[in-house]
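Undergrad: here is my input; please provide its structure:
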Amino acid sequence: MAATKKAAESTLYHVHPKGFWKKFRDAVVINPEISSGIPLAGIYRWPQPGSRPEKYAAPATKASDPAQNPYWKRDVRRAYPQLSVVTQPDLSSLLIQHSEAQAIPAPSETKEGEKSDVPTKTQETMDLTGAIAAITSVHKVYDQSKLPPKVPTPFKKWRAELAPDAPHDPNAYFPMLLYK
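TA: Okay, here's the model as predicted:
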């Protein structure tokens, strides 16, 4: 008894044309064994996605809800920098407060419930140019010995410097200069 090779039926789970389109397909088709490619709805996916008996259950926590817990919020490998905004009035008040030396009172023996007297000064808001003028009028910020900081660069600025000459005949005309 010879073993017979079984092949999958190509048209078993697919829709077949009917009526006019069946006659048209029979007249036009080159290979009648090829299926239409449209799967039968009742057999292809069982149970169908819209007919599931389970009802939706709300997630127990916000973290277990995939709609409210996207991957980019959980991804700790990418610690993206957070946006920080400093307005000009905030910057001017910080400049004014930190330009003057502040005296901090010595700790005194007070009970836990009592508050100690800490001197507080309320600064009026000033625009940034006024704050800079007020700081520079009190004491000189920069002079010849104390220069302002330079912008850091990843490379050194190139300055032309004459290098030793390339080997050549000392009596020959050699108009080339080497720089390093």
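Undergrad: ok, the spatially most central residue of the chain - contacts?
TA: In the chain, the centroid-proximal residue (Cα atoms, centre = their mean) is Tyr80; its distance is 5.2 Å. For Tyr80, the contact set (Cβ atoms under 8 Å, 6 or more residues apart in numbering) is empty. From N, CA and C alone the C-beta is placed, and that goes for glycine too.
Undergrad: name the helices or strands packed onto the host helix or strand of Ala133?
TA: Using DSSP states H and E, the element containing Ala133 is helix 128-138. Counting contacts by 3 or more Cβ pairs under 8 Å, 6 or more residues apart in numbering; DSSP states H and E, helix 128-138 packs against helix 88-99.
Undergrad: contacts for the helix or strand of the chain with the lowest mean pLDDT, please.
TA: Sorting the helices and strands of the chain by mean pLDDT, DSSP states H and E puts helix 41-44 at the bottom, at a mean of 78. Helix 41-44 is contacted by residues Tyr13, Gln48 when judged by Cβ under 8 Å, 6+ apart.
Undergrad: list the buried residues for that helix?
TA: Buried residues in helix 41-44, counted by 16 or more other Cβ atoms under 10 Å: none are found.
Undergrad: how far out from the middle of the chain is that helix?
TA: How far helix 41-44 lies from its chain's middle: 44 Å, per Cα atoms, centre = their mean, to the nearest Å.
Undergrad: average pLDDT for the helix or strand just after that helix?
TA: As assigned by DSSP H and E, the chain's next helix or strand after helix 41-44 is helix 71-74. Helix 71-74 carries an average pLDDT of 83.
Undergrad: any weak-confidence spans in the protein?
TA: 1-8, 10, 100-102, 105, 109-123 (pLDDT under 70).
Undergrad: between the two ends of stretch 159-166, what distance do you get?
TA: One end of stretch 159-166 to the other measures 20 Å (Cα to Cα, to the nearest Å).
Undergrad: apologies, that question was intended for stretch 56-67.
TA: 14 Å.
Undergrad: swap in stretch 29-36?
TA: First-to-last distance for stretch 29-36 - Cα to Cα - comes to 11 Å.
Undergrad: again with stretch 65-83
TA: Taking Cα to Cα, stretch 65-83 runs 27 Å from one end to the other.
Undergrad: the chain should start at 4 in everything you say after this.
TA: Fine by me, first position is 4 from now on; the one you just mentioned is stretch 68-86.
Undergrad: rewinding a little: wasn't the residue nearest to the centre of the chain part of a helix?
TA: No. If the criterion is DSSP: H, G, I helix; E, B strand; the rest coil, then Tyr83 is coil and not within a helix.
Undergrad: alpha carbons of the helix holding Ala136, as CSV, please.
TA: Taking Å, rounded to 0.1, in the frame of the first residue of the first chain, the C-alpha atoms of helix 131-141 are listed here in CSV:
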residue,chain,number,x,y,z
LEU,A,131,15.9,92.3,35.6
THR,A,132,17.8,95.3,34.3
GLY,A,133,17.1,97.2,37.5
ALA,A,134,18.3,94.2,39.6
ILE,A,135,21.5,93.9,37.6
ALA,A,136,22.1,97.7,37.9
ALA,A,137,21.5,97.5,41.7
ILE,A,138,24.0,94.6,42.1
THR,A,139,26.7,96.1,40.0
SER,A,140,26.4,99.5,41.7
VAL,A,141,27.1,98.1,45.1
